[in-house]
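[1] Provided below for reference: sequence and predicted model.
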Amino acid sequence: MADTRLVWLRNDLRLADNPALAHACRDGSPVVAVVTLTPKSWEAHGESAARMGLWRDQLRTIARELQQRNVPLRVLRLAHFDDCAQALVQLAAELSVAELTFNYEYPLNERNRDRAVCAALASVGVTVRGFHGELIIPPGQVLTGQGGPFKVYTPFSRAWQKRLPDFDRDVLPPPGPVAANALPGDAVPDDLDYQPLSYRSDLWPAGEAAASEQLNRFVIEQEADYQRLRDYPAREATSRLSPYLTIGALSPRQCLAVLRAQSAGDWLHSSWLNELVWREFYRHLLVAFPGLSRLEPFRPEVEAKISWQQNDAAFAAWCRGETGFPIVDAAMKQLLETGWMHNRLRMVVASFLTKLLRVDWRLGADFFMRHLIDADFASNLGGWQWSSSVGADAAPYFRIFNPQAQGEKFDPDGRFVAHWLPPLRAVDGGKARHAPGAGAVLGRPAPIIDYKKARAASLDDYQNG
């Protein structure tokens, strides 16, 4: 099979708007798709069973659709990222591959893996081409007037908007059939050689069609009210597209295209688009500041003032959703049950852990990575560093969310907490449901801290650190 093209799929499991796949299929030459299963590296990175379950089912869906286009899927069952280079060289030799294409990933370990693959394939005469299919504007293309990376979000977003017309915003169509070959496709293992995988397929069905339908429904029916309603967890007011974005069943450019086409308002200043730009900001930071991938704080001078506490019992209570603070516990129960958490509540529970319990943000970030269906290293890292005041454009250290006040403000009737904490259904009134220790006589835990004392101790630690 001479001059075969190999497309390496990772977190870009879609046919539409997939530049690596489109390039491989550009003239109908034979194409083979490949995925590399690396369970030891996934475990080291804390990949969640929920995210990998959706990734597996999306992979199976795209494998069937690729086979209809004469593109078989090869599955390389490896262990570590370090095994990818040699395995892909061997596959390239077996298939007489002339070119490999892939879409970039931006965490440091992934970039090092890709550099090793590029070098190994180049040494045997295989052309390698990488594409920025995960971003609307590639890293290094949104810079300050001095030519450096932005460290604060707002000026980054303004510059991003100014640069947007310079980049192709047209969505690539799915490729057509390519030259047939007799190579059979490989089966995708149920557990990906990783761990028992499970996720809420009723909430996030696999498939590009499901992702596209959800995108269009949100933009047409809900985007106009997003800014007004997005902070209320009992409302279905957010897009819930993040699981599809993190596995690449949907591209940010597709999101932008639907927003431009369907939004009745000023799409460029849409609050929802702003969230997509935050996603881009965190990826640009990963590339510009490699230490972030090693879990180094963006602002080490701030972290130097913080005395992280070793409090295993408090951390375990937080993980179980048994802190005695209803909005915190309801959010954690939502995470444990569905693999997802409302964004406002991600900030609330992160503030509680890092500011009131003074537990190292890295422990919270790892717990989220191991449980979220939309676990995304760049966004998760950025969010946790923001909440703990050690990140780019982070909340000032003295900003400490009062969980009771947050609950009363954003869940005023207590509907959300009562849904996830059933004993609170017997408590009358929204304010009463959000009181620390609410429902204690009905089986709910007592508060594990006194909010005022914990807040004062946290501020004192920072000011005297």
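    Now that the structure is in, tell me what you want to look at. If you're wondering where the values come from, they're calculated on a predicted model, not measured in any experiment. Numbers count the residues shown, from 1 in each chain.
[2] what about Val75, which SS state?
    strand (DSSP: H, G, I helix; E, B strand; the rest coil).
[3] Name the SS class of the nearest residue to it once chain neighbours are set aside, please.
    In this structure, Val75 finds its nearest non-sequential neighbour in Asp186, 4.0 Å apart by CB to CB, 6 or more residues apart in numbering. Quick note: C-beta positions are derived from backbone N, CA and C, even for glycine. Here Asp186 is recorded as coil under three-state DSSP.
[4] surely Asp186 meets Gln67?
    No: here Asp186 does not reach Gln67: they are 11.0 Å apart, not a contact under CB atoms under 8 Å.
[5] The helix or strand containing Glu337 - contacts with which helices or strands?
    Applying DSSP states H and E as the criterion places Glu337 in helix 326-338. Applying 3 or more CB pairs under 8 Å, 6 or more residues apart in numbering; DSSP states H and E, we find helix 326-338 packed against helix 312-320, helix 343-351, helix 361-371, helix 403-410, helix 415-420, helix 430-434.
[6] ok, back up a step: the residue nearest to Val75: neighbouring residues, count only.
    By other CB atoms under 10 Å, the residues close to Asp186 number 15.
[7] and it, what pLDDT?
    As predicted, Asp186 sits at a pLDDT of 96.
[8] all strands of this protein, in order?
    Along the chain, counting by DSSP state E, strands occupy 4-8, 31-37, 73-77, 97-103, 127-131.
[9] between those, which gets nearest to Glu337?
    strand 31-37 (27.7 Å; CB to CB).
[10] need the helices for the stretch 1-150 of the chain, in chain order.
    Taking DSSP state H, counting those that start in this stretch, the helices of the stretch 1-150 of the chain run over residues 19-24, 39-45, 49-67, 84-95, 108-123.
[11] Is it possible to get TSV of those that adds mean pLDDT and distance to Ala314?
    Output for these, formatted as TSV (pLDDT from 0 to 100; distance: least, CB to CB, whole Å):
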stretch	mean pLDDT	distance to Ala314
helix 19-24	98	45
helix 39-45	98	26
helix 49-67	98	25
helix 84-95	97	40
helix 108-123	98	31
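[12] so of the ones you listed, which one's packed in deepest?
    Highest mean neighbour count of the helices of the stretch 1-150 of the chain: helix 19-24, a mean of 23 (counted as mean count of other CB atoms under 10 Å).
[13] That helix packs against which elements?
    Packing contacts for helix 19-24, counted by 3+ CB pairs under 8 Å, 6+ apart, involve strand 4-8, strand 97-103, strand 127-131.
[14] Could you tell me which strands the longest one is paired with, and in which direction each runs?
    Within its sheet, and counting by DSSP bridges, strand 97-103 is paired with strand 4-8 (parallel), strand 127-131 (parallel).
[15] hmm, who's touching that strand?
    2-10, 12, 18-21, 23-24, 32, 88, 91-92, 114, 117, 121, 126-134, 248 (CB atoms under 8 Å, 6 or more residues apart in numbering).
[16] in the helix holding Glu337, what's buried?
    Residues Pro326, Ile327, Val328, Asp329, Ala330, Ala331, Met332, Lys333, Gln334, Leu335, Thr338 are the ones in helix 326-338 that count as buried (16 or more other CB atoms under 10 Å).
[17] Next up, the contacts around the second one.
    Translated: Ile327. Taking CB under 8 Å, 6+ apart, one finds Leu345, Val348, Pro403, Gln404, Gln406, Gly407, Asp411, Phe416, Val417, His434 in contact with Ile327.
[18] Export those to JSON lines and append columns for distance to Asp170.
    Shown next, in JSON lines, are the contacts of Ile327 (distance: CB to CB, whole Å):
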{"residue": "Leu345", "distance to Asp170": "36"}
{"residue": "Val348", "distance to Asp170": "39"}
{"residue": "Pro403", "distance to Asp170": "45"}
{"residue": "Gln404", "distance to Asp170": "49"}
{"residue": "Gln406", "distance to Asp170": "41"}
{"residue": "Gly407", "distance to Asp170": "44"}
{"residue": "Asp411", "distance to Asp170": "41"}
{"residue": "Phe416", "distance to Asp170": "40"}
{"residue": "Val417", "distance to Asp170": "45"}
{"residue": "His434", "distance to Asp170": "48"}
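[19] mind putting these in CSV, pLDDT, neighbour count and distance to Arg283 included?
    CSV is the format used below for those (pLDDT from 0 to 100; neighbours: other CB atoms under 10 Å; distance: CB to CB, whole Å):
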residue, pLDDT, neighbour count, distance to Arg283
Leu345, 98, 24, 23
Val348, 98, 24, 25
Pro403, 98, 26, 30
Gln404, 98, 19, 35
Gln406, 98, 22, 28
Gly407, 98, 29, 32
Asp411, 98, 27, 32
Phe416, 98, 27, 31
Val417, 98, 28, 34
His434, 98, 27, 36
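[20] domain ranges for this structure?
    With domains defined by automatic domain parsing, the chain comprises 4-133, 135-170+207-288, 300-463.
[21] nearest to Pro196, of the ones you listed?
    Nearest to Pro196, of all these, is domain 4-133, at 6.5 Å by CB to CB.
[22] Do me a favour and get the end-to-end distance for that closest one?
    Terminal residues of domain 4-133 lie 22 Å apart, using CA to CA, to the nearest Å.
[23] And that domain, how far out from the chain middle?
    19 Å (CA atoms, centre = their mean, to the nearest Å).
[24] now swap in stretch 412-423 and tell me
    On CA atoms, centre = their mean, the centre of stretch 412-423 falls 27 Å from that of its chain.
[25] Between the two ends of it, how far is it?
    Counting by CA to CA, you get 17 Å between the two ends of stretch 412-423.
[26] Could you pull out the buried residues of that stretch?
    Gly414, Arg415, Phe416, Val417, Ala418, His419, Trp420, Leu421, Pro423.
[27] Stretch 409-427: end-to-end distance?
    End-to-end distance for stretch 409-427: 18 Å, by CA to CA.
[28] what does that stretch rub up against?
    231-234, 321, 326-327, 329-331, 333-334, 337, 344, 407, 429-434, 438-439, 442-444.
[29] and if we set it to 7 Å?
    Applying CB atoms under 7 Å, 6 or more residues apart in numbering, the contact partners of stretch 409-427 are 231-234, 326-327, 329-330, 333-334, 344, 407, 430, 433-434, 438-439, 442-444.
[30] next one: stretch 354-362
    With CB under 7 Å, 6+ apart, stretch 354-362 has contacts from 295, 307-309, 311, 314-315, 318, 353, 364, 384-385, 387-388, 390, 400, 449, 451, 454-455, 458, 461.
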